[in-house]
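**Q** Generate coordinates for the sequence data below:
(chains A and B)
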Amino acid sequence: MSVALTKTATLADKVWERHVVRRREGEPDLLYVDLHLVHEVTSAQAFDGLRLGGRRVRRPDLTLATMDHNVPTDAKQPDDLAQQQIDALVRNCAEFGVRLYPLGSPEQGIVHVISPQLGLTQPGMLIVCGDSHTSTHGAFGAIAFGIGTSEVEHVLATQTLWQARPERMAVTVDGALPPDVSAKDVILGIIARIGVSGGQGAIVEYRGSAIRALSMEGRMTVCNMSIEAGARAGMVAPDDVTFAYLEGRPYAPKGPLWEQALDEWRGLATDDGAAFDREVRIDARELRPYVTWGTNPGQAATIDGAVPDPDGFEDPGRREAAKRALAYQSLRPGTPIRDIAVDAVFIGSCTNARIEDLRAAAGVVAGRSVRSGLRALVVPGSARVKEQAEREGLDRVFREAGFEWRSAGCSMCLGMNPDVLRPGERCASTSNRNFEGRQGPGGRTHLVSPVVAAATAIKGTFALPGDLR
Amino acid sequence: MEAVTRVAGRALPLGRADVDTDQIIPASYLKRIGRTGFEDGLFAAWRRDPAFVLNDERYRGASILVAGPNFGCGSSREHAVWALRDAGFRAVVAPSFADIFRGNCLRTGLVPVRLEQADVDRLLRTVERDPSTEIEVDVVEGRVRSPGAGIDAPLDLDEFARNRLVEGLDDIGLTLRHEAAITAHEAQRAEWRPTVPVAGGGAR
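**A** Residues are numbered from 1 along each chain as shown, chains lettered A, B, ... in the order given. The predicted model follows:
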């Protein structure tokens, strides 16, 4: 079963091998799931399936639920359908014995924000959730990926999943990041280079000194958007930064168990000389703050750049896609990015709504005012992040600048709850997807880092903090 | 899952690359808690354009979608597969699929058919010229054929996935045959691994 471990192995190999329940030539592996995160939108049909089959949840103690996608982030009531979905989750969790952090709980929040902050997400684990941004948890050296509802039901019933072995891909970013270049720009820069299917079929390990230098929040931002490169998952080897983040958190091991866990975790890093199927190297000094201009996360320009001319793309598929994207986004080739005016700014989502993101954005807006006529929203990733930010006075900084200060949820990331763009509205967003209509039908999304979003809210056009007077 | 042994019918040509699941079904259609009735959400935004191919009468009743590479990228929503099935599609042909979408297809009985880009291009051109072009996906034999487009290619599915489609097997039932192996794996779980306190009422 552990053949691959007799030679040098990658981080992904080591974690994968430790979770193989059954392996047979010509079949996918049956993998054990250490933690299954559940939310309201992709679980109702799975619980129904269990009921129909007369099955129970095998390991409610390895399952955690919250509500995030569908919930309002202000005092408004959810619509009837949304309320039914929320009620269904409450009912299902009660019936099947699953721990739920509902709206109003101090632990509620975006599923990928709450698990790490509770210390539930730990190195070497296998974590799944019916949400593609589950890749976030790979920042701790876990294998974590999104699954569909049928698989959610399968994991609830068996605590396992059938998965074909992915390829191993290394993305190495070496060197010091230039000023104003954040973790968000690192991942946008990677996707701009490898494309939205560049990671297809692979688990990506992010390596190199620029990745090592990132905080856990930054590493989560990078791993979060692995799925935007089409990767099965993204990972960073656990190190002292990881351990320092975890120590003392509610679900982290304590006392002698902490030492045992550390021994295991320190052995997870990729061995010297281990082979990857694909390798990409990026010089950190070449990265700049990015702004997406198109309708997929790979269509990005640096903030100093301009909207590209579709005719400049050699590949006919990319050329057509760029033409359609510019028509949808109502942008003309050659327009400098800094000349594009926005109607809305959204700071939030599982990509960029952790405390570090809010601090960075608050640092830019402090003492300044949101451009008049512009709608600006800050939505903390969890109730705990909100509480922490309020303790630090960040809520006041944002409110005084003219931002709305909301409660935790996915909010304007996905156009499902009441927070949506109006048709034709243009938004600078710290979220992860700029697909057509993603933030509401007809809405136009530009993905940016928290500091660019903050500076843009003040200036009204895409800007860096240094562009503000 | 119901067994799928063969899909045969006319095709809908959607020659775009990187079609994401937000286009296949926007999030506002994901609030329903049943497993059927998602056809209204299928390509809901694109369908508002009268020129969109799904509104073209000549393709009414098509059961096979032919699309560009990286089909189904983005969100893991299985609703995308449900919406395609609810609208009458039984197979999707593309040069490549996003991983999660492909997994969802295989678990829901929508056959993901991977063909070479050149074959997909030829199929698209043929179907655009002649909407009556027939495609046959023989899951049992493992072949894809469209004589009108000059295609006779192997169905790129591993035996495991192909068998499950053909037998319409209940994944969970199959997995539970390995109950002993699962229990043995659980017995080796390190003591320091986290567990979540179970909610009141206990397991069903």
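
**Q** who does the longest strand seen in chain B touch, helix- and strand-wise?
**A** Assignment by DSSP state E gives strand B:6-14 as the longest strand of chain B. On a contact count with 3 or more Cβ pairs under 8 Å, 6 or more residues apart in numbering or on different chains; DSSP states H and E, strand B:6-14 meets strand B:64-67, helix B:117-129, strand B:134-138. C-beta: built from backbone N, CA, C; applies to glycine.

**Q** Now do it: everything it contacts.
**A** With Cβ atoms under 8 Å, 6 or more residues apart in numbering or on different chains as the test, strand B:6-14 has contacts from B:53-54, B:59, B:61-68, B:89-91, B:93, B:111, B:123-124, B:127-128, B:131-140.

**Q** Give me the neighbour count for residue B:116.
**A** By other Cβ atoms under 10 Å in any protein chain shown, the residues close to residue B:116 number 12.

**Q** If you tally nearby residues, what's the number for the nearest residue to residue A:420 once chain neighbours are set aside?
**A** Nearest residue to residue A:420, sequence neighbours excluded (Cβ to Cβ, 6 or more residues apart in numbering or on different chains): residue A:440, at 3.1 Å. The tally of other residues near residue A:440 (other Cβ under 10 Å) stands at 23.

**Q** so residue A:440 touches residue A:418, yeah?
**A** No: Residue A:440 lies out of contact with residue A:418 (Cβ atoms under 8 Å); the separation is 10.1 Å.

**Q** As a check, name the ranges of all strands in the stretch 301-450 of chain A.
**A** A:344-347, A:375-378, A:404-405, A:426-429, A:444-447 (DSSP state E, counting those that start in this stretch).

**Q** how about the one residue sitting closest to the centre of chain B, what does it touch?
**A** In chain B, the centroid-proximal residue (Cα atoms, centre = their mean) is residue B:105; its distance is 3.0 Å. Residues counted as contacts of residue B:105 (Cβ under 8 Å, 6+ apart) are B:72, B:81, B:92, B:97, B:111-112.

**Q** Filter these down to the ones in strands?
**A** B:92, B:111-112.

**Q** Please convert those residues to a markdown table, extending it with distance to chain A and neighbour count.
**A** Listed next are these as a markdown table, based on distance: Cβ to the nearest Cβ, whole Å; neighbours: other Cβ atoms under 10 Å in any protein chain shown:
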| residue | distance to chain A | neighbour count |
| --- | --- | --- |
| B:92 | 15 | 27 |
| B:111 | 15 | 23 |
| B:112 | 13 | 24 |
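
**Q** re earlier: any idea how far residue A:103 is from the residue nearest to residue A:420?
**A** Computed with Cβ to Cβ, to the nearest Å, the distance linking residue A:440 and residue A:103 is 22 Å.

**Q** which parts of the helix or strand harbouring residue A:52 are buried?
**A** Taking DSSP states H and E as the criterion, residue A:52 maps to helix A:44-53. Using 16 or more other Cβ atoms under 10 Å in any protein chain shown as the test for burial, helix A:44-53 gives A:44-50.

**Q** again with stretch A:154-166
**A** Counting neighbours by 16+ other Cβ under 10 Å, stretch A:154-166 gives A:154-163, A:165-166 as buried.

**Q** ok, is that stretch in contact with chain B or not?
**A** Yes: if you take Cβ under 8 Å from any Cβ of the partner chain as the test, stretch A:154-166 does meet chain B, through A:154, A:157-160, A:162, A:164.

**Q** Among those, which are located in helices?
**A** Counting by DSSP state H, these place A:154, A:157-158 in helices.

**Q** ok, back up a step: quick one: list the elements packing against the helix holding residue A:52.
**A** helix A:80-96, helix A:149-158.

**Q** Make JSON lines out of those helices and add mean pLDDT.
**A** Formatted as JSON lines, the helices and strands packed on helix A:44-53 follow (pLDDT from 0 to 100):
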{"stretch": "helix A:80-96", "mean pLDDT": "96"}
{"stretch": "helix A:149-158", "mean pLDDT": "98"}
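
**Q** and the ones you listed, which is most packed in?
**A** The highest average neighbour count among the helices and strands packed on helix A:44-53, using mean count of other Cβ atoms under 10 Å in any protein chain shown, belongs to helix A:149-158 at a mean of 26.

**Q** Surely residue A:96 touches residue A:57?
**A** Yes: shown here, residue A:96 and residue A:57 form a contact pair, counting by Cβ under 8 Å, at 4.5 Å.

**Q** pLDDT weak spots in chain B?
**A** The model of chain B has pLDDT under 70 over residues B:200-204.

**Q** Can you show me the strands along it?
**A** Going by DSSP E, chain B shows strands at B:6-14, B:64-67, B:91-94, B:111-114, B:134-138, B:143-146, B:151-154.

**Q** What are the contacting residues of the last one?
**A** It stands for strand B:151-154. B:115-116, B:119, B:122-123, B:135, B:142-145.

**Q** Assign a three-state SS to the residue nearest in space to the middle of chain A, would you?
**A** With distances taken as Cα atoms, centre = their mean, the residue of chain A nearest its centroid is residue A:224 (3.0 Å). For residue A:224, the assignment made with DSSP: H, G, I helix; E, B strand; the rest coil gives helix.

**Q** sorry, back to before: what's the farthest-apart pair in the contacts of strand B:151-154?
**A** The span of the contacts of strand B:151-154, defined through Cβ to Cβ, is set by B:122 and B:142 at 20.5 Å.

**Q** what sits against the nearest residue to residue A:318 once chain neighbours are set aside?
**A** Closest residue in space to residue A:318, ignoring its immediate chain neighbours: residue B:17 at 7.7 Å, by Cβ to Cβ, 6+ apart. Counting by Cβ under 8 Å, 6+ apart, residue B:17 touches A:317-318, A:320-321, B:68-70.

**Q** shaky segments in chain A?
**A** For chain A, the ranges with pLDDT under 70 are A:1-6.

**Q** Just after the lengthiest strand in it, pick out the following helix or strand.
**A** Longest strand of chain A, by residue count under DSSP E: strand A:167-174. Of the helices and strands lying after strand A:167-174 in sequence (DSSP H and E), the nearest is helix A:183-194.

**Q** what about residue A:262, how many residues close to it?
**A** By other Cβ under 10 Å, neighbour count at residue A:262 equals 17.

**Q** What sits closest to it if chain neighbours are left out?
**A** Using Cβ to Cβ, 6+ apart, the nearest residue to residue A:262 is residue A:243, at 6.4 Å.

**Q** list the contacts for the residue nearest to residue B:175 when sequence neighbours are not counted?
**A** Leaving aside its chain neighbours, residue B:175 sits nearest to residue A:158 (4.7 Å; criterion: Cβ to Cβ, 6+ apart). By Cβ under 8 Å, 6+ apart, residue A:158 lies in contact with A:58, B:172, B:175-176, B:182.

**Q** what's residue A:261 sitting at in phi/psi?
**A** Dihedral pair for residue A:261: phi -60, psi -40, per degrees, to the nearest 10.

**Q** Against residue A:140, how distant is it?
**A** 12 Å.

**Q** Overlap in contacts, those two.
**A** residue A:122.

**Q** Compare neighbour counts for these two and give me the winner.
**A** In this view residue A:261 and residue A:140 are compared by other Cβ under 10 Å, and residue A:140 has more residues nearby, 30 against 23.

**Q** All the strands of the stretch 1-150 of chain A, residue numbers only.
**A** Counting by DSSP E, counting those that start in this stretch, the strands of the stretch 1-150 of chain A are A:20-22, A:29-32, A:35-38, A:63-66, A:99-101, A:126-129, A:143-146.
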